[in-house]
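Undergrad: Return a 3D structure for these sequence lines:
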Amino acid sequence: MKSRIPVVLLACGSFNPITNMHLRLFEVARDHLHQTAVPELKLLCGADFLKTFQIPNLWKDAHIQEIVEKFGMVCVSRTGHNPQEYISGSAILQRYRHNIHLVREPVQNELSSTYVRGALRQGQSVKYLLPDAVIAYIKEHSLYTRDSP
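TA: Below is the predicted model of the structure:
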């Protein structure tokens with residue numbers, strides 16, 4: 001086994017609740033960075049997050065530029081999203097595309113926290129969608145029930 005380079009990934013998003021697919025993002029990104037030998041701090045996101053850079057008044061251009069210029073990103077594919085299109089639609093992202101690593105997730109990811117919250121409110125099982133510790137915490141604190149806000 002060849003030696004691994006240090007990798008630091010900073011993820012953003014609601015992770016509300018965190019799913020196994022959220023955790024999978026870290027695994028896929030780490031494997032990609034180890035294969036490409038890029039040892040740095042990177043922002044980890046799904047393709048759906050990359051699309052938020054296009055929402056008017058949500059991000060300042062200076063902040064987007066700072067993220068992609070100084071740190072770079074690892075963007076993991078997500079069903080229904082085209083990260084290449086999001087990059088092409090932004091002059092800033094195009095300019096720093098060399099700092100944006102697009103990684104294909106081989107496991108189709110249609111799971112969302114929105115779906116999980118809805119399933120929980122309807123009393124459906126979320127076993128194997130969330131880590132067991134997260135399910136236990138949700139039950140212990142009565143989160144995402146029909147009566148919760």
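
Undergrad: Would you mark the buried spots in stretch 81-89?
TA: 81, 83, 86-87 (16 or more other CB atoms under 10 Å). Every C-beta, even on glycine, is put in place using the N, C-alpha and C of the backbone.

Undergrad: swap in stretch 138-146?
TA: For stretch 138-146, burial by neighbour count (16+ other CB under 10 Å) applies to 138, 144.

Undergrad: contacts for stretch 42-62?
TA: Applying CB atoms under 8 Å, 6 or more residues apart in numbering, the contact partners of stretch 42-62 are 7-13, 25-26, 29, 33, 64, 67, 71-78, 81-83, 86-87, 89-90, 92-93, 101, 109.

Undergrad: Can you say which of those are buried?
TA: 7, 11, 25, 29, 33, 64, 67, 72-78, 81, 83, 86-87, 90, 92-93, 101, 109.

Undergrad: ok, for Gln122, nearest residue in space, not its chain neighbours?
TA: Nearest residue to Gln122, sequence neighbours excluded (CB to CB, 6 or more residues apart in numbering): Arg146, at 7.8 Å.

Undergrad: Quick check: phi and psi on the one you found?
TA: In terms of degrees, to the nearest 10, the main-chain angles of Arg146 are phi -60, psi -30.
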